[in-house]
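J.: This is a predicted model, with the sequence first.
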Amino acid sequence: MQNKKKTAIINVIAAVLIAVLVISASVTATLFDRPAYKRFQEKTGLPGAVGISEEELLENYSALIDYNSIFFTGPLAFPTFQMSEAGRIHFEEVKAIFSYFQIMSIVSALLLALCCLILLIRRQSIAYLLRAGGILSLVIPAVVVLVMAAVGWDRFFVIFHEVFFNNDFWVFDAQTDPVILILPDSFFLNCLVRIVVCIVVSAVLLIWGGNPKTFEIYYKILKKKS
C-alpha cells in the first residue's frame, strides 16, 4: 500500500513536471526562433515601414536575443541603436523572466527523467503521466485564449505587462529607444500564437502517446523488427 502511494505521488509530480517542461520549452523555443522573426519582417515589410535596412534590423534583433540567453553575461548593447536607462532596466527584467523559463526547462527535464527512471525501476507504466501531463499542459493556453477573447489583444497586452512588471518602463519612446520600431505589437501576438500552437501540439502528442493502444502499436512494431 505504501509503495502504491509513493508511486501515485511520483506520477502526479511527473505529470506536473511534463506540463512545466512543455510550457517553458515552448516559450524558450519561440524566443530563440530567429528564422520566425525574419519571416515576420519579410511578410510584413517591416524594414521599409520603419526605414531600417533588413541587415541592421536583424543585427539588432539578434543582439537582443543573445542577451536573453542564460549563457550570456554582460550588459545589453545594440550594434546601432541607442538605449535609455528605462529601456535598459526593462530589458534586464525581461531577461530575468526568460531566464526563469530556460532554467525551468532544464530543471523540469532533469527531474522528469529521474521520476521516469524510478517508475521504470518499479516496473510502472508511464502512459498515465503522459496523458495527465498533456492535459495539464493545455490549461495555460486555454486560459490565455479565453482571456484574450474576452478583452481583446490590445488590452491583454497591457494586462500582461501590468502583471509582470511593476513599472511603466515597457512603454517605449522610439526617440530614445528605437528598438521598439522593430518590435511591433503584432510581432508579440505572432509569438504568443506560436507558443500556444507549440504547447497544444506537444500536449496532443503526449495524450496520444499515452494512450494504451498507442503503446500496443509500439510494442507490435518493435516485436516485428526483433
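T.: Received the coordinates, thanks.
J.: in stretch 188-202, what counts as buried?
T.: Asn190, Cys191, Leu192, Arg194, Ile195, Val196, Cys198, Ile199, Val200, Ser202 (16 or more other Cβ atoms under 10 Å). Every C-beta, even on glycine, is put in place using the N, C-alpha and C of the backbone.
J.: what's near enough to touch the residue nearest the centre of the chain?
T.: The residue lying closest to the centre of the chain (Cα atoms, centre = their mean) is Val27, at 0.9 Å. Neighbouring residues of Val27 by Cβ atoms under 8 Å, 6 or more residues apart in numbering: Phe98, Phe101, Ile195.
J.: Do a quick rundown of the helices in this structure.
T.: 2-31, 34-44, 46-50, 54-67, 85-121, 127-137, 139-151, 153-164, 185-209, 212-225 (DSSP state H).
J.: Out of the ones you listed, which is closest to Pro75?
T.: helix 85-121 (7.4 Å; Cβ to Cβ).
J.: So the closest residue to Trp153 other than its chain neighbours versus Gly209, what's the distance?
T.: The shortest distance from Trp153 to any non-neighbouring residue, by Cβ to Cβ, 6 or more residues apart in numbering, is to Leu189 (5.6 Å). To Gly209, Leu189 is 30 Å away according to Cβ to Cβ, to the nearest Å.
J.: same thing with Ser105?
T.: Ser105 is 20 Å from Gly209, by Cβ to Cβ.
J.: So which of the two has more stuff around it?
T.: Ser105 (21 against 15; other Cβ atoms under 10 Å).
J.: ok, back up a step: reformat the contacts of Val27 as JSON lines; add distance to Thr7.
T.: JSON lines is the format used below for these (distance: Cβ to Cβ, whole Å):
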{"residue": "Phe98", "distance to Thr7": "35"}
{"residue": "Phe101", "distance to Thr7": "30"}
{"residue": "Ile195", "distance to Thr7": "33"}
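J.: picking up where we left off before, give me whichever of the helices of the chain is most buried.
T.: Ranked by mean neighbour count, those are led by helix 127-137 with a mean of 21 (mean count of other Cβ atoms under 10 Å).
J.: hey, C-alpha coordinates of it in CSV?
T.: The C-alpha coordinates for helix 127-137 follow below in CSV (Å, rounded to 0.1, in the frame of the first residue of the first chain):
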residue,chain,number,x,y,z
ALA,A,127,1.3,6.1,-20.0
TYR,A,128,-0.9,7.7,-17.3
LEU,A,129,1.6,10.5,-16.6
LEU,A,130,2.0,11.3,-20.3
ARG,A,131,-1.8,11.7,-20.7
ALA,A,132,-2.1,13.7,-17.4
GLY,A,133,0.9,15.9,-18.3
GLY,A,134,-0.6,16.5,-21.8
ILE,A,135,-3.9,17.5,-20.3
LEU,A,136,-2.3,19.8,-17.7
SER,A,137,-0.3,21.5,-20.4
